[in-house]
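K.L.:
what follows is a protein structure lacking sequence information:
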Ligand SMILES: Nc1ncnc2c1ncn2[C@@H]1O[C@H](COP(=O)(O)OP(=O)(O)OP(=O)(O)O)[C@@H](O)[C@H]1O
């Protein structure tokens, strides 16, 4: 898959903070920093994997990029234009180019609509001038592309298996021929054998349509298979961002090292000899994150400075980034 130099998405210092009401009558509301100063770019044709434990802000990041959520601060630029300042017509066209696939395929499809209606909906909204016949032809064409039988378009979602429902979700996301799809745990709810089929389908569509993907997942094996670059999040902060192979063979950040060392390697000899880094303790509450480096309470290498100074995100080898006081340059 060729990745072009065109930057589709340029995210700068993105913050999404939620105000959580205090428990008692006199308790002040607390701020939950779900995403706290994250910057990255996505180029045309590339897949950016986003990993991290549950609650680290992966979905919130995806929703803010899609503008399903208003960011608290920072900028999301689409093809060089700040989406926050876009006029409604430009925003509409950017929205058509930016689609999403959710985790639970059946729950994300309206049970009262036929799959033909579900897939056609974005097309009818964005291209109201199309005739009924043109819409039907487009629906049938995309159904065939995602491995569904076009003559099943009058059936309802409950008549399909989980994997097929995810194909319906992909057809709906693809019907406008978008430039970028946010896949939010898109295969996590499926059986392992079906997961591989859906990932292969996404990779095939990516090649054919020169698509970009933001692939959010807690499954590091799948992320490894599909991604070009990988971002590692922890408590709303970016710990590391690097090419896929660097992340897996030579991670810089202790958190990335711990995540990678937890992924089993099929070869027992390699598995026995590899470095295992155990994470200490539990994930801290996002309402009360540790001072300094948010990862320090679980980091086997933490020193005094980690409690007082927030590590800056630094660039290494000209292109990979990590936020740790003790990465050697
Ligand atoms: N609407 C909201 N209001 C308040 N807090 C929220 C809201 N949405 C998310 N959060 C909190 O923000 C943090 C990040 O959540 P998010 O769902 O983005 O994480 P995640 O990495 O996608 O986790 P998971 O894999 O479990 O979905 C969590 O602590 C979550 O409880």
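P.N.:
That came through fine. No experiment lies behind these values; they were computed from the predicted model shown. Numbering: from 1, shown residues only.

K.L.:
how about the residues of the stretch 51-200 of the chain near the ligand?
P.N.:
Residues of the stretch 51-200 of the chain lying near the ligand by Cβ under 6 Å from any ligand atom: 52, 54-60. Every C-beta, even on glycine, is put in place using the N, C-alpha and C of the backbone.

K.L.:
run the last query once more with 5 Å
P.N.:
When proximity is defined by Cβ under 5 Å from any ligand atom, the stretch 51-200 of the chain lies next to the ligand at 54-60.

K.L.:
okay, the residue nearest the centre of the chain: pLDDT?
P.N.:
Among the residues of the chain, the one closest to the centroid is residue 216, at 3.0 Å (Cα atoms, centre = their mean). Per-residue confidence (pLDDT) for residue 216: 97.

K.L.:
helices or strands next to the helix or strand residue 59 falls within in the packing?
P.N.:
Residue 59 belongs to helix 58-65 when elements are defined using DSSP states H and E. With contacts defined as 3 or more Cβ pairs under 8 Å, 6 or more residues apart in numbering; DSSP states H and E, the secondary structure elements packing on helix 58-65 are strand 7-20, strand 30-43, strand 47-51, strand 180-184, strand 212-216.

K.L.:
TSV please, covering the ones you listed and showing distance to residue 328.
P.N.:
Converted to TSV, the helices and strands packed on helix 58-65 look like this (distance: least, Cβ to Cβ, whole Å):
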stretch	distance to residue 328
strand 7-20	26
strand 30-43	23
strand 47-51	23
strand 180-184	34
strand 212-216	30
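
K.L.:
between the two ends of stretch 22-41, what distance do you get?
P.N.:
Distance between the boundary residues of stretch 22-41 (Cα to Cα, to the nearest Å) amounts to 36 Å.

K.L.:
buried residues in that stretch, which are they?
P.N.:
For stretch 22-41, the neighbour count (16 or more other Cβ atoms under 10 Å) marks 32-38, 40 as buried.

K.L.:
what ranges does the stretch 201-329 of the chain have for its helices?
P.N.:
Listed from the start of the chain, the stretch 201-329 of the chain has helices (DSSP state H, counting those that start in this stretch) covering 220-226, 244-249, 254-261, 268-273, 304-308.

K.L.:
and the ones you listed, which one's lowest on average pLDDT?
P.N.:
Across those, helix 268-273 gives the lowest mean pLDDT, at a mean of 69.

K.L.:
pull the contacting residues for whichever residue of the stretch 101-250 of the chain sits closest to the ligand.
P.N.:
For the stretch 101-250 of the chain, the residue closest to the ligand is residue 218, as judged by Cβ to the nearest ligand atom, at 5.7 Å. By Cβ atoms under 8 Å, 6 or more residues apart in numbering, the contact set of residue 218 is 51-54, 58, 185, 188.

K.L.:
change it to 6 Å
P.N.:
By Cβ atoms under 6 Å, 6 or more residues apart in numbering, residue 218 lies in contact with nothing.

K.L.:
still on that earlier bit, relative to residue 268, which of the helices and strands packed on helix 58-65 is closest?
P.N.:
Smallest distance to residue 268 across these (Cβ to Cβ): 24.9 Å, for strand 47-51.

K.L.:
list the strands paired with the closest one, with their directions.
P.N.:
The pairing partners recorded for strand 47-51 under DSSP bridges are strand 212-216 (parallel), strand 229-234 (parallel).
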